[in-house]
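K.L.:
Below are the sequence and a predicted model; questions follow.
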Amino acid sequence: MSATQHAEHKHDHSHGHDDHDHGPPRGFMRWVTTTNHKDIGTLYLVFALVMLFVGGAMALVIRAELFEPGLQFVHPDFFNQMTTIHALIMLFGMIMPAFAGFANWMIPMMIGAPDMALPRLNNWSFWLLPFAAVMLLSTLLMPGGGPASGWTMYPPLVLQTGDAFPFLIFSVHLLGISSIMASINIIVTIMNMRAPGMTLMKMPLFAWTWLITAYLLIGAMPVLAGGVTMLLTDQFFGTSFFQAAGGGDPVLFQHIFWFFGHPEVYIIILPAFGIVSQIIPTFSRKPLFGYDSMVYATAAIGFLSYIVWAHHMFTVGMPLAGEMFFMLSTMLIAIPTGVKIFNWTATMWKGSISFETPMLFAVGFLFMFSIGGFSGLMMALVPVDFQYHDTYFIVAHFHYVLVPGALFAAIGGAYYWLPKWTGHMYDETLGRVHFWLSTIFVNLLFFPQHFLGLAGMPRRIPDYATQFADWNMWSSIGAFGFGFSQLLFVWVVIKCVRGGARATSQVWDEAKGLEWTVPSPAPYHTFQQAPDVK
């Protein structure tokens, strides 16, 4: 077909549609129908920020109740619903979507791809989230109230939830489907759409951590889906997977849940490692120390995360050999994590360091994540874990990993990339104030919980003995201080999006000509032919 015929042919096909073609949708429909990786990244990040405050409000209900002994504000059942939904919203609605937002925004740019590989799947994987989150929150309004079983949804407790039970299970399914689709998209993008010359071992570390995280998600999420589906059939279809009366075993659910749940905690922390690995070299003005060992350490963490699950279950009456295996494998996972801490420290060693806001959050991450790591090593020891188990020591441990760990890395990443995303500089002074308020209050919030746990205060209780009163009061004061400090972050972001000083291409240090991404050589442009690489 000649060019003229082709043009006529095309015209015939488009005839009659010209009236409706107004170009790309604008306003509200632009955001609903977008397949652009930057728009979808923004949607994920804004959704995560909203959920941070929803989940945070629930945490403040919990801490208000625990400010002093006795029952003050809420019914014990509602208290238990708050602990359950706070955790589910924070994990599936806040921190994972936040890192998915970073992935959507940055991975195509880091590897020289024009967009994500599967743009429509990308749109769908985001839009499942708000509906799943609303369904999860709506369980609080149903007869009998929301789930009060803890986020682990252990039977037989969860089976007493009432009308909200199937909605809880369905919302968890939807959140899992969203994660799996986002993961498939990231893997396909990284594997197939790198620019010529961008080998895997030249990728920025953030792309590497997400590649491994995506494989973990695809492996772990279906396990959770299977477990909660078995709960559903126990409740409605007469099966007895977890009902002792019918020959089932409630401990089986714990095995299934933690076989998902332990990789899940690394799914949450690995992208944080990736962000910190971008920030620290930039503000140290040095390449990342030991790039290859960082990649291998990340892969080792991913592999080991699947063989340590029963360290959550030392008190269920495991055989001694099982306890030994899970104790030793759990201690082993500390080694690649230690390699990362060492490499970040070595990157800063003798660097020309400047402490802008992203670097403050990254260094804060380094110190406080290490506290969580060391308390984790303590709990890996079977004999002492019998004492720590189900006390506030556990709560202190995982919150040190998740809040000054994952959340600080996410906030640091937001400050780091905001100038790139918006074209404006954020307010540096407010950013530093936000960091110091957050750091002081987050330690006031969680550090006393170590003492409470060692003194024997159990988790998940709305009331407690009077000897625990002082540290609980300090912890609650820290909670409200930390929660309200995050309003400052929202203000910084809004102010930056609305305008401010223009961000330059060498936004951090014009004198040294430092570019945004330092860990790897710049890729050839996607659409140009690369020179022959021998």
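P.N.:
Received the coordinates, thanks. Numbering: from 1, shown residues only.

K.L.:
outside of stretch 493-504, which residues touch it?
P.N.:
Identification of contacts with stretch 493-504 by Cβ atoms under 8 Å, 6 or more residues apart in numbering yields 49, 414, 418-420, 422-427, 430, 510. Placement of C-beta: from N, CA and C, glycine included.

K.L.:
hey, C-alpha coordinates of that stretch in CSV?
P.N.:
C-alpha atoms of stretch 493-504 as CSV (Å, rounded to 0.1, in the frame of the first residue of the first chain):
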residue,chain,number,x,y,z
VAL,A,493,5.0,18.8,50.2
ILE,A,494,2.1,21.0,49.4
LYS,A,495,4.3,24.1,49.6
CYS,A,496,6.8,22.5,47.3
VAL,A,497,4.2,21.3,44.7
ARG,A,498,2.6,24.8,44.6
GLY,A,499,5.9,26.5,43.8
GLY,A,500,9.2,27.7,45.3
ALA,A,501,12.7,28.1,44.2
ARG,A,502,13.3,26.4,40.9
ALA,A,503,15.3,23.1,41.2
THR,A,504,18.3,23.1,39.0
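
K.L.:
ok, back up a step: pick out whichever of the contacts of stretch 493-504 sits closest to Ser240.
P.N.:
Closest to Ser240 out of the contacts of stretch 493-504 is Leu49 (43.0 Å), distances taken as Cβ to Cβ.

K.L.:
burial measure for Phe260, as a count.
P.N.:
For Phe260, the tally of surrounding residues (other Cβ atoms under 10 Å) stands at 21.

K.L.:
got the contact list for the residue nearest to Gly219 when sequence neighbours are not counted?
P.N.:
If the residues on either side of it in the chain are set aside, Gly219 comes closest to Pro263, at 6.6 Å by Cβ to Cβ, 6 or more residues apart in numbering. By Cβ under 8 Å, 6+ apart, the contact set of Pro263 is 216, 219-220, 302, 305-306.

K.L.:
what about 6 Å?
P.N.:
Contact analysis of Pro263 by Cβ atoms under 6 Å, 6 or more residues apart in numbering lists 216, 220, 305-306.

K.L.:
circling back: buried ones among the contacts of stretch 493-504?
P.N.:
Taking 16 or more other Cβ atoms under 10 Å as the criterion, what is buried in the contacts of stretch 493-504 is 49, 414, 418-419, 422, 424-427, 430.

K.L.:
tell me the two of these that are most distant?
P.N.:
Across the buried ones among the contacts of stretch 493-504, no pair lies farther apart than Leu49 and Met425, at 19.7 Å, counting by Cβ to Cβ.

K.L.:
how far does the helix or strand harbouring Phe273 sit from the chain's center?
P.N.:
When elements are assigned from DSSP states H and E, Phe273 belongs to helix 250-284. Taking the mean of its C-alpha atoms, helix 250-284 sits 8 Å from the chain's own mean (Cα atoms, centre = their mean, to the nearest Å).

K.L.:
Identify each buried residue in it, please.
P.N.:
With burial defined by 16+ other Cβ under 10 Å, the residues of helix 250-284 counted as buried are 250-251, 253-284.

K.L.:
just to revisit the earlier point, got TSV for the contacts of stretch 493-504, with secondary structure too?
P.N.:
Output for those, formatted as TSV (DSSP: H, G, I helix; E, B strand; the rest coil):
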residue	secondary structure
Leu49	helix
Ala414	helix
Leu418	helix
Pro419	helix
Lys420	helix
Thr422	helix
Gly423	coil
His424	strand
Met425	coil
Tyr426	coil
Asp427	coil
Leu430	helix
Glu510	coil
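
K.L.:
just those residues now: which is nearest Met116?
P.N.:
Each of the contacts of stretch 493-504 was scored against Met116 by Cβ to Cβ, and Lys420 proved nearest at 17.6 Å.

K.L.:
What does the pLDDT read for that closest one?
P.N.:
Among the per-residue scores, Lys420 shows a pLDDT of 90.

K.L.:
residue contacts, it?
P.N.:
When the contact criterion is Cβ under 6 Å, 6+ apart, Lys420 has no partners at all.
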